[in-house]
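Peer 1: sequence? don't have it. structure:
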């Protein structure tokens, strides 16, 4: 019976159970929703304080950087909502409970992805979406088909790119074990980098966060296209159109990292 | 000193010795996971490079200095604050929260030790361990990658050391006071997340508190959080000197006493409400 159940049906069942579980503790859930929202608000407050002091940074003013922030926040929060719980893989590895996943007729990755959904992260998705809407109004954008296309492309590709980073991080956990925090450098560091005006980066950061872990493609570059800004240095606005390539690259990295990790895994000895 | 007749195996050396042993145990509990320390250091350093880059650009855009910090001082602020994340456990929680949730805290109360003091000792042990594998390498990376301006005189380092010690004690006492609310709330994990986020911003983890607009700075200074990070960093990098540095340290000490007392009162009250299930 269960083996015939399509992934979508199984996932829907998991989703329903999570909604019920999380709604049965309304006060802790409300606190979690609020805490997640405050994370987003304070991250923007940090940027606001900086621009309050600097005025213009890397060719962007506060309205421009609000668009960069909104795009990054929205895409990362969706990825975090859908696959952010892959962060918990080291706990399964340490406790030896990952072995149970091998008993079920579905790939380990699919099971892990659909094992949970943290609805508290919805507040940040809404916050990111709100920031995009406000930024699009504040910036008086001259809409063209190309710009609308760029926005649509970003809203689709960028969450996939961040999702791939979570999967890549999980794949590396099979090797890292106690060193689980290493992957925070590119998952959460990547999200932090994505909200910055990338034109101020030195070559080392461009290499790291525009090409190796291509988060500059999720927010900064698309925002340059939308704003009609030329971009700067190593990152001209036209490069934004390579977002599907950057997404493919991240997915390929994630696939390689995950396969390598799962092959390395020797079992929990159970 | 009298020998303990009832329990010849009891640790000798007076009332302080058990806390010293707990401190050493806390130190060793972290020393068992060198890779974890290296991973934390690496992530702190990556964030350090990103923060240093954007703050340097902001200082350049604002005319060479930001809120009175020179370019080199700003870099020192970034790297000293990144290097002390592990030391003050800026993103940590207090172990007692989980012990209240599981009921293990009942064991803590049966021991002939002060609960708050015992947890403080173990927490300080973990903090001291972080200096060598997390704090110093992070500073060294900062010095190599971006450089920074550190004071040439000795006074900022002496006062800075005192300030750092008060900061880590205060950080623990705040996290303890939040976790101890578990006596009434049972699950404080959501509250702990909330605390980490708010305290991180107001302690000056992302930006120096002195760079905040004045209304936001007023709010920050109404909380103990600047005393956990911004003050010790400013003392250490020589932005606060002489009477200003002494005043910052006095404020830290006042918060240590205040939050420490709050934690003690809450512990005493919570102990009376505690109900542990099972046998």
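Peer 2: Structure received. Just so it is clear, the model here is predicted, and its values are computed rather than measured.
Peer 1: how much space between the most centrally placed residue in chain A and residue A:255?
Peer 2: Nearest to the mean C-alpha position of chain A, by C-alpha atoms, centre = their mean, lies residue A:76 at 2.8 Å. Distance of residue A:76 to residue A:255, given as C-beta to C-beta, to the nearest Å: 20 Å. Yep, even glycine has a C-beta here, placed from its N, CA and C like the rest.
Peer 1: would you mind listing the buried residues in the longest helix seen in chain A?
Peer 2: For chain A, the longest helix by residue count, based on DSSP state H, is helix A:145-176. Neighbour counts over helix A:145-176 (16 or more other C-beta atoms under 10 Å in any protein chain shown) mark A:147, A:150-151, A:153-155, A:157-174, A:176 as buried.
Peer 1: the residue nearest to the centre of chain A reaches residue A:162, doesn't it?
Peer 2: Yes: the pair residue A:76 and residue A:162 passes the contact test of C-beta atoms under 8 Å, sitting 4.9 Å apart.
Peer 1: shared neighbours, the two?
Peer 2: A:191, A:218 (C-beta atoms under 8 Å, 6 or more residues apart in numbering or on different chains).
Peer 1: residue contacts, the residue nearest to the centre of chain A?
Peer 2: So residue A:76 contacts A:128, A:159, A:162, A:191, A:194, A:218 (C-beta under 8 Å, 6+ apart).
Peer 1: what score does it have for pLDDT?
Peer 2: The model reports residue A:76 with a pLDDT of 96.
Peer 1: can you check residue A:3 too?
Peer 2: 50.
Peer 1: what ranges of the stretch 1-150 of chain A fall below the confidence cut-off?
Peer 2: Low-confidence segments of the stretch 1-150 of chain A (pLDDT under 70): A:1-7.
Peer 1: who in it is up against chain B?
Peer 2: A:28, A:31-32, A:34-35, A:38-39, A:42, A:45-46, A:49-50, A:52-58 (C-beta under 8 Å from any C-beta of the partner chain).
Peer 1: can you tell me which of those are buried?
Peer 2: Buried, going by 16+ other C-beta under 10 Å: A:28, A:31-32, A:35, A:38-39, A:45-46, A:49-50, A:52-54, A:57-58, out of the residues of the stretch 1-150 of chain A next to chain B.
Peer 1: could I get the full set of strands for chain A?
Peer 2: A:231-232, A:235-236 (DSSP state E).
Peer 1: which residues touch the last one?
Peer 2: When you say that, I think you mean strand A:235-236. So strand A:235-236 is contacted by A:198-199, A:206, A:210, A:216, A:220-221, A:224, A:230 (C-beta under 8 Å, 6+ apart).
Peer 1: how about a cut-off of 6 Å?
Peer 2: Here strand A:235-236 makes contact (C-beta atoms under 6 Å, 6 or more residues apart in numbering or on different chains) with A:198, A:210.
Peer 1: if we can go back for a sec, among the residues of the stretch 1-150 of chain A next to chain B, name the ones in helices.
Peer 2: A:28, A:31-32, A:34-35, A:38-39, A:42, A:45-46, A:49-50, A:52-54.
Peer 1: can you map out the helices along the stretch 101-250 of chain B?
Peer 2: Using DSSP state H, counting those that start in this stretch, the helices of the stretch 101-250 of chain B run over B:105-110, B:115-130, B:136-145, B:155-179, B:182-185, B:189-202, B:214-221, B:230-236, B:242-273.
Peer 1: among those, which is nearest chain A?
Peer 2: helix B:189-202 (3.9 Å; C-beta to the nearest C-beta).
Peer 1: quick one: the closest one to helix B:214-221, angle?
Peer 2: 130 degrees (axes from the mean of the first three to the mean of the last three C-alpha atoms, to 10 degrees).
Peer 1: rounded mean pLDDT for helix B:189-202, please.
Peer 2: pLDDT averaged over helix B:189-202 gives 88.
Peer 1: repeat for stretch B:139-153
Peer 2: pLDDT averaged over stretch B:139-153 gives 95.
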